[in-house]
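Novice: Sequence first, then the predicted structure:
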Amino acid sequence: MPTRWFGERIPRNEDPRLLTGRGMYVDDVRRPGTLHAAFYRSPHAHARILRIATDQAKALPGVVAVVTAQDLPERIRGPLPKLIPHPALVHHKTQVALAGEVVRHVGEPIALVVAESRYIAEDALELIDVEFEVLPAAVDLEAAAKPGAPRVHADMADNIAAHHIQRAGNVEEAFAKAPHVFRERFTMDRGSSSPIETRGVVAEWDPRSHQLTVWDSTQAPIRIRNYLSDLLGLPQANVRVIAPDIGGGFGPKIMMCYPEEISIPWAAMMLERPVKWIEDRREHFVATNHERLQIHDAEIAVDTDGRILGVRTTYLHDCGAYCAYGLTVPIVSGTTLPGPYKIPNYHAEYRAVFANKTQTSPYRGAGRPHGVFVMERLMDRVARELGIDRAEVRRRNFIQPHEFPYDLGGLIYQDGVRLVYDSGNYPEVFRKTMDHIGYADWAAQKARYRREGRRVGLGFAFYVEGTGIGPYEGCRITVEPSGKVYVATSVGTQGQGHYTSFAQIVADALGTDVRDVIVTTGDSGAFGWGTGTFASRAAVVAGNAVALAAGAVRQKTLQVAATLLEARGDDLELAEGKVFVRGVPGRAVMLGQVAAAANPLRGVIPQEWEGPGLEATRYFAPPSGAFAAGCHAALVEVDTETGLIRFLRYVVVHDCGPVINPMILEGQVRGGVAQGIGNAFYEKLVYDEQGQLLTQTFMDYLLPTVAEVPPVEVDHVETPSPLNPLGIKGAGEAGVIPVPALVASALDDALSEEGVRITEMPLSPSRLREILREAQTAPTPA
Amino acid sequence: MNGDPAHTTPAQAPARVPARRKRRLREPQSALTIRFTVNGETVERTVEVRKTLADFLREDLGLTGTHLGCEHGVCGACTGLLNGEPVRSCLLFAVQAAGAGIETVESLAPGEGLHPVQAAFREHHGLQCGFCTPGFLMSAVALLRDHTVPTDEQILETLGGHLCRCTGYQGIVEAVRAAARTWQR
């Protein structure tokens, strides 16, 4: 048993359950008498609903109910909640539970069928007839942003949901005086987070106790509980939302609320029987939020040494048909873009645009990959244009370790707080990365590859990631007389290992084995306060709440044990599940005995115990986010015949402060890199001009397999954050953020003779060959 | 999903559903009684002929370790063994398995412990959310039964038939390599 669990590479507590098929995912919830639901969804991108006929469907044996908008009670018929309001978001449009008048994207739910089996429910969908008047659709982002485009929402004059500007310094003056200005246009297209488990909801209503229980594949069970309580008119105490094992989330599973998250619980109440809905993969492609499409016009002003004088970016953000979540993605793009560099004058301006496509909301990275892509592409451009080494141009612009806290000059981050980096050591992260990848002798290596007829490029990209934002998370820790420690926090887990990393924090404080710490996450019945798992915040915000609660339980343990052992509290130690007098291991009580003594059957509880039991609840509310950073570098080989790419090496150096469990952290980073590779080269959602999604299967939308993802070498720099007791920073999104920028930089390098300059993501083998052809036929490489 | 365009033309009135379609849907649903072994136990059940093997295992037998990720045969989460060979249980009807021996993830370690392949996945962090894991395990077990010393190429080819969205695959590859060494077959 290690003396300290924090920092140890220990196997996960949750693994035995998940490995033996004993996990409990939403689809595994089996309640007696369960009915199964399926949705009739819009086949059109934009249409008026003239008539819905459900009689045939209702008559099918086994069908219990067919519900359309008009059957819903008033309180859930209107637009669903607005998540994160923002002064710039003047048209905060949200979806409805069931569309009754107009549909605004393919896949929008129109009717809900509840039947004795999913098979029968889907049969019934075939018998529903909906008469549509098809309306012109706004699909292309730039076209949708123009005046006169088909309007997604008839009560708006155009499709502009928000127009928002953030500035630091005086960018006009900087550009006017600058000796060099370089402009570029960058595009990132749509993608899907595609967790292997789709979404799902199971709801059960007990009409006697008026208790609604909902199992939901959400990343934010407490917030779903709160909205359900509000929308269904139930006290919060009568609604229990459980996010059991979740088969991957990556962002889109946090949305309060998806239409199905309201209609299924309501149906369970109405029918007084449990109702289960499990999204199928085709539904997932059209009904679960997308992300990514942004078009950036960007320019950088530099002096003759390549020092940045100013950066300006104007961009369009694709909301899809609604923007329930708010402006998080474009705000995060604009505030992530400056990255590790000193940019005295900065202007970020975007318009968020409605289009007749599936709604967008944060997907792992949440706008950060866009910002990093733009900035790192601009830095490579500066290096090339001025003939300065691309690593050197970055070194000249890094924020230095002594300059923290570093204020970005008045930008406001996604949490509404002024953007100030708390800590970091960017030159060191960069030096380590360049050492690992062997940048110093890359020119010679590259020439060797070239002589062998191989096109290999070295790419790298640096990022700074705002993590661990507020408002708060909480935790309750209870020691039971068995000596086992029970930890409850509402932050849900989708594979990040919270059952283990939180247990490591607690085991250190209470001197127990990490396997004796049992963590419950994501159940509003176990812990009812919280916000959710997003923005790389669970370890930072919930982890510190866990540490505070564990500290409080430790104090109480010492107090009670001092009485039992007739010793002073500060002479006691906790280890191996026992409390003992320092230097006298024989004078000891088991932790469980202390717990029992703290809850006596008779007698008096001292005032200073503040109640019975070894139990404490604590909250952690960070003043602002903690800023992690990292650099990725890779060698990428291009087959110019096929357009395929292959990673020869991939290096990540990451700084998220002290690491709770390096194995879990590296898993997060590696998984992120795999998704980043998909974002950069394989995964693209393609719409046709009518707004039909052409990529609705895993045969069309390509997730990377083991063949596309290289082994990733991970190293760390640890710069603790001063903003929380554990000094930690988030890591969940780190792996994904710089990958598109890195791939672009590697391809530019590999194909430098052809003058290839990558300005768009994602690519594909065929698109890369097109770019190569275009570059070869261009008169002179620009 | 309903995307049948013939079903949604504005001119079509709901009452005019073609009679042929009505007849087809009103035909009695046919079921068959089938017998097979599942994880070593003989099972005899009457099952709707259109029910997939995956749904049958999960719903009728309560073996929820078999997961459904795409239901079109790409992701591999639903992989089980049919007479020892890996199959996509979402692409098979239960009745197609009549007479066969089926193995699911629940068979690997019936007691408290872990099968060597499962233990290797834990040791090498070959899983995060765990949803795709049962499929990977079953394919890996089949590979390692056939090849005590698999080549890296064989390992990658086997794992290439599965999608994992969390791990980046590295831990899975390392786990299978390690299991080849530790599993005393």
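Specialist: Happy to help now that I have it.
Novice: Looking at the stretch 51-200 of chain A, which residue is nearest chain B?
Specialist: The stretch 51-200 of chain A approaches chain B most closely through A:A53 (2.8 Å), counting by Cβ to the nearest Cβ. Any C-beta I mention is one placed from the backbone N, CA and C, and that applies to glycine too.
Novice: Surely that residue and A:T68 touch.
Specialist: No - taking Cβ atoms under 8 Å as the definition, A:A53 is not a contact partner of A:T68, at 9.9 Å.
Novice: Identify the residues contacting stretch A:682-699?
Specialist: A:44-46, A:105-107, A:137, A:139-140, A:189-192, A:194, A:281-282, A:285-286, A:290, A:355-358, A:700-704, A:708, A:762, A:764, B:70, B:72, B:74-75, B:163 (Cβ atoms under 8 Å, 6 or more residues apart in numbering or on different chains).
Novice: Relative to A:A595, how far out is the residue of the stretch 51-200 of chain A closest to chain B?
Specialist: Counting by Cβ to Cβ, to the nearest Å, the gap from A:A53 to A:A595 is 63 Å.
Novice: how about stretch A:313-332 as PDB, C-alpha atoms only?
Specialist: Output of stretch A:313-332 as PDB, limited to C-alpha atoms (Å, rounded to 0.1, in the frame of the first residue of the first chain):
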ATOM      1  CA  THR A 313     -10.400  37.600 -36.400                       C
ATOM      2  CA  THR A 314     -13.900  37.900 -37.700                       C
ATOM      3  CA  TYR A 315     -15.800  34.700 -37.800                       C
ATOM      4  CA  LEU A 316     -19.100  33.000 -38.500                       C
ATOM      5  CA  HIS A 317     -20.400  30.400 -36.000                       C
ATOM      6  CA  ASP A 318     -23.000  27.800 -37.200                       C
ATOM      7  CA  CYS A 319     -25.700  27.400 -34.500                       C
ATOM      8  CA  GLY A 320     -27.900  25.000 -36.500                       C
ATOM      9  CA  ALA A 321     -31.600  25.500 -36.100                       C
ATOM     10  CA  TYR A 322     -31.500  26.600 -32.400                       C
ATOM     11  CA  CYS A 323     -28.900  27.700 -29.900                       C
ATOM     12  CA  ALA A 324     -30.300  26.400 -26.600                       C
ATOM     13  CA  TYR A 325     -26.800  26.100 -25.100                       C
ATOM     14  CA  GLY A 326     -25.800  29.600 -25.900                       C
ATOM     15  CA  LEU A 327     -22.600  31.100 -27.200                       C
ATOM     16  CA  THR A 328     -20.000  29.000 -25.400                       C
ATOM     17  CA  VAL A 329     -18.300  27.600 -28.500                       C
ATOM     18  CA  PRO A 330     -17.700  30.900 -30.300                       C
ATOM     19  CA  ILE A 331     -16.700  32.700 -27.000                       C
ATOM     20  CA  VAL A 332     -14.300  29.900 -26.200                       C
END
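Novice: Tell me which helix or strand A:A38 sits in.
Specialist: strand A:35-41 (DSSP states H and E).
Novice: How far away from the center of its chain is that strand?
Specialist: 28 Å (Cα atoms, centre = their mean, to the nearest Å).
Novice: Give me the phi and psi for A:E385.
Specialist: phi -70, psi -40 (degrees, to the nearest 10).
Novice: now it: how far from A:I300?
Specialist: Taking Cβ to Cβ, one finds A:E385 at 10 Å from A:I300.
Novice: Between these two, point out the one with more neighbours.
Specialist: Comparing A:E385 with A:I300 by other Cβ atoms under 10 Å in any protein chain shown, the one with more neighbours is A:I300, at 27 against 14.
Novice: can you tell me which residues contact A:L378?
Specialist: Contacts for A:L378 (Cβ under 8 Å, 6+ apart) come out as A:F182, A:E184, A:A298, A:E299, A:I300, A:V311.
Novice: next one: A:E291
Specialist: Neighbour list for A:E291: A:R190, A:G191, A:S192, A:S193, A:G251, A:P252, A:V329, A:T360, A:S361, A:P362, A:Y363, A:A366 [criterion: Cβ under 8 Å, 6+ apart].
Novice: cool, A:E480 as well?
Specialist: So A:E480 contacts A:Y486, A:G592, A:A595 (Cβ under 8 Å, 6+ apart).
Novice: and if we set it to 10 Å?
Specialist: A:Y486, A:I518, A:L591, A:G592, A:A595, A:A596, A:N599, A:G613, A:L614, A:E615 (Cβ atoms under 10 Å, 6 or more residues apart in numbering or on different chains).
Novice: What is the burial count for residue 80?
Specialist: Using chain A here. Using other Cβ under 10 Å, A:L80 has 21 neighbouring residues.
Novice: should've been chain B
Specialist: 30.
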